[in-house]
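Participant: Sequence first, predicted coordinates after that:
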Amino acid sequence: MSPFDDDDLKPLLSRWEVPAPPDRLRSRIFTAPPPSRWAWMLTGSVRVPVPAIVVLVIALVWLAAGRWSATPQDAVSSDQPVSLADFRPPVEMRVRIVETLP
């Protein structure tokens, strides 16, 4: 015979009383509703891994350095005046269709 037979446990189960839940459990379950999305936008946070931030910072620095160091190749220097006196339109234009649209 096993130490815990069904016949022995049934009377114990009928006499067992469930203990009352603690007050702190009720406050955890029935709390105020979560804040709205607008409130989260002002006070919320997002966890981002450090390697992702490092890659983002490197990419931003690279893009910023590329924009600052780039000088326009076709820019006209301010030393020479621009004149259209020698401008002549083309005599003949040859139009070539490279690709047609469906």
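Facilitator: Received, thanks. Numbering: from 1, shown residues only.

Participant: pLDDT weak spots in the chain?
Facilitator: Within the chain, the stretches falling below the threshold (pLDDT under 70) are 1-5, 68-78, 102.

Participant: Residue 39: helix or strand, and which one exactly?
Facilitator: Following DSSP states H and E, one finds residue 39 within helix 37-43.

Participant: can I get the CA coordinates of that helix in PDB?
Facilitator: As requested, the backbone C-alpha atoms of helix 37-43 are provided in PDB (Å, rounded to 0.1, in the frame of the first residue of the first chain):
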ATOM      1  CA  ARG A  37       0.600  56.000 -25.800                       C
ATOM      2  CA  TRP A  38       1.100  59.700 -25.600                       C
ATOM      3  CA  ALA A  39       2.200  59.500 -22.000                       C
ATOM      4  CA  TRP A  40       4.600  56.700 -23.000                       C
ATOM      5  CA  MET A  41       6.100  58.900 -25.800                       C
ATOM      6  CA  LEU A  42       7.000  61.400 -23.100                       C
ATOM      7  CA  THR A  43       8.200  59.100 -20.300                       C
END
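
Participant: Please enumerate residues in contact with that helix?
Facilitator: Helix 37-43 is touched from outside by residue 35, with contacts defined as Cβ atoms under 8 Å, 6 or more residues apart in numbering. C-beta: built from backbone N, CA, C; applies to glycine.

Participant: Quick check: what element follows that helix along the chain?
Facilitator: Next in sequence after helix 37-43, counting helices and strands by DSSP H and E, comes helix 50-69.

Participant: Next, the buried residues of that next one.
Facilitator: By neighbour count, with 16 or more other Cβ atoms under 10 Å as the criterion, helix 50-69 contains no buried position.
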